[in-house]
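Asks: Quick one: sequence and predicted model below, then my questions.
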Amino acid sequence: MRRSALPLFGVKVVDFGQYIAGPAVAMILADLGATVVHIDPPSGPLWDSPANATLNRNKLIISVDLKTEQGLSQAQTLMAEADIVIENFRPGVLSRLGIDFSVLRKTRPEAWASQKSFRPKDGSGDDDDGANFHGQKRKN
């Protein structure tokens, strides 16, 4: 099937996702024809796993240092053109780096941002990164 015949052809996605949840969502969007730019830190994926080959299929993968002014500028330029932005960092990580989804929503109200957190709504577990792959039960 021609890529241009896929249902999400023309949709632009920026994928800041790491581990499984974020990249899996972006993988499905890419499979459906979206143009997905996956952003990894300069040191490479945070999760060194063979699963990355599957989770990042059909994506353009770039390395961006979000802790530098140049990297932040690159990310903001990509986001300004995106229809969808995906991230699954701990709450507050991107805002500490200078990426603010409330600003994106004001400048691009049609853009959609996906932020996934596995933390309880009551605030417990704020020190937990939510990426425990073993499914261990939380010890209180």
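Replies: Yes, it's here.
Asks: Checking residue 37 next. Helix, strand or coil?
Replies: Put simply, residue 37 is strand when judged by DSSP: H, G, I helix; E, B strand; the rest coil.
Asks: Report the secondary structure state of the spatially closest residue to it that is not a sequence neighbour.
Replies: Spatially, and ignoring its direct neighbours in sequence, residue 37 is nearest to residue 60 (5.0 Å; C-beta to C-beta, 6 or more residues apart in numbering). Placement of C-beta: from N, CA and C, glycine included. Under three-state DSSP, residue 60 falls in the strand class.
Asks: Now do the longest helix along the chain: which elements does it pack against?
Replies: As assigned by DSSP state H, the longest helix anywhere in the chain is helix 69-81. Contacts defined by 3 or more C-beta pairs under 8 Å, 6 or more residues apart in numbering; DSSP states H and E place helix 69-81 against strand 12-15, strand 35-40.
Asks: at 7 Å what do you get?
Replies: Counting contacts by 3 or more C-beta pairs under 7 Å, 6 or more residues apart in numbering; DSSP states H and E, helix 69-81 packs against strand 12-15.
Asks: So what touches the helix or strand just after the strand it packs on?
Replies: Scanning forward in sequence from strand 12-15 by DSSP states H and E, the next helix or strand is helix 21-31. Residues outside helix 21-31 that contact it (C-beta atoms under 7 Å, 6 or more residues apart in numbering) are 8, 13, 15-17, 36, 38, 55-59, 84, 86-88, 114, 116.
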